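>>> Fold the following.
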Amino acid sequence: MIKVCVADNYPIIHQSVKSYFKNHTEITIEANVNNFSKLSELLQNKPIDILILDLELEGLSSILEVKKILKNFPKTKIIIYCGLSEQIYAANSIKAGVSGYINKNEQLETLSESIVQVHKGKIIMNETIKKNLSLIAKQNKSERLHRKLSNREIEVLRYLSAGKKNHQIAKILSLDEKTISTYKLRLLIKLGVTNLVDLINKAKILQTI
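Purely as a prediction, here's the structure:
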């Protein structure tokens, strides 16, 4: 059996997934967590083949923390299961080392099939993500500039768009406030704007948040 852990904020997700896989012939839900801080201890004490992880999980502030989980528990593969924009977050998640990215709009059948395929060593991306990656590859440098934001820049942009101040973002990401200011400046330059309002509006147009 493929042993799975679901890491999500919402009880309804845990209940739905557990119910769906209750009598599955290949997959068993071994554990559920609702905070990223609980993951390391769980993975140390219980063998998990596939981790189903929401990027908006409480306590998860950076994609770099996902990379640490993959490094510390190499036998556990990760499938991102969330509602964030695939156009940016999928590419950065795959780059971080996860084995799949599935939007919560998809049927649980898709999640089931993906778990089986990832357990076999495959990387899962739906047709929309593949198409977007293909289009990005064909675009010229200026057109794809907004898609070349680093993981940290995307995170900072996301928190800025949520109304967070520099010092708040610095605390969340455990960085110096000056570092956040540097990321903010890079974002302004990369997206070709001069102020925060235009930065957020540009990001929304480009579907990066």
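
>>> Which residue is the nearest non-sequential neighbour of Leu196?
Excluding the flanking residues, the one nearest Leu196 by C-beta to C-beta, 6 or more residues apart in numbering is Leu160, at 6.6 Å. Backbone N, C-alpha and C define where each C-beta goes, glycine included.

>>> Buried ones in the helix or strand hosting the one you found, by neighbour count?
For Leu160, the host element (DSSP states H and E) is helix 151-161. Of all the residues in helix 151-161, those buried under the rule 16 or more other C-beta atoms under 10 Å are 151-161.

>>> Can you name the next helix or strand after that helix?
Sequence-wise, the next helix or strand downstream of helix 151-161 (DSSP H and E) is helix 166-173.

>>> which of the residues in the very next helix or strand once past that next one are buried?
The helix or strand immediately downstream of helix 166-173 is helix 177-190, counting by DSSP H and E. Residues of helix 177-190 classed as buried under the neighbour-count rule (16+ other C-beta under 10 Å) are 180, 183-184, 187-188, 190.

>>> if I pick the residue most central in space within the chain, what's in contact with it?
Residue closest to the average C-alpha location in the chain (C-alpha atoms, centre = their mean): Leu55, at 4.1 Å. Contact partners of Leu55, counting by C-beta atoms under 8 Å, 6 or more residues apart in numbering, are 63, 66, 80, 82, 84, 89, 93.

>>> Among those, which lie within helices?
Using DSSP state H, the members of these that fall within helices are 63, 66, 89, 93.

>>> ok, which pair from the residues you listed is furthest apart?
Greatest spatial distance in the ones in helices among the contacts of Leu55: Val66 and Tyr89, 11.2 Å, computed using C-beta to C-beta.

>>> ok, back up a step: would you reformat the ones in helices among the contacts of Leu55 as TSV and include distance to Val116 and pLDDT?
Converted to TSV, the ones in helices among the contacts of Leu55 look like this (distance: C-beta to C-beta, whole Å; pLDDT from 0 to 100):
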residue	distance to Val116	pLDDT
Ile63	25	85
Val66	22	93
Tyr89	23	80
Ser93	20	84
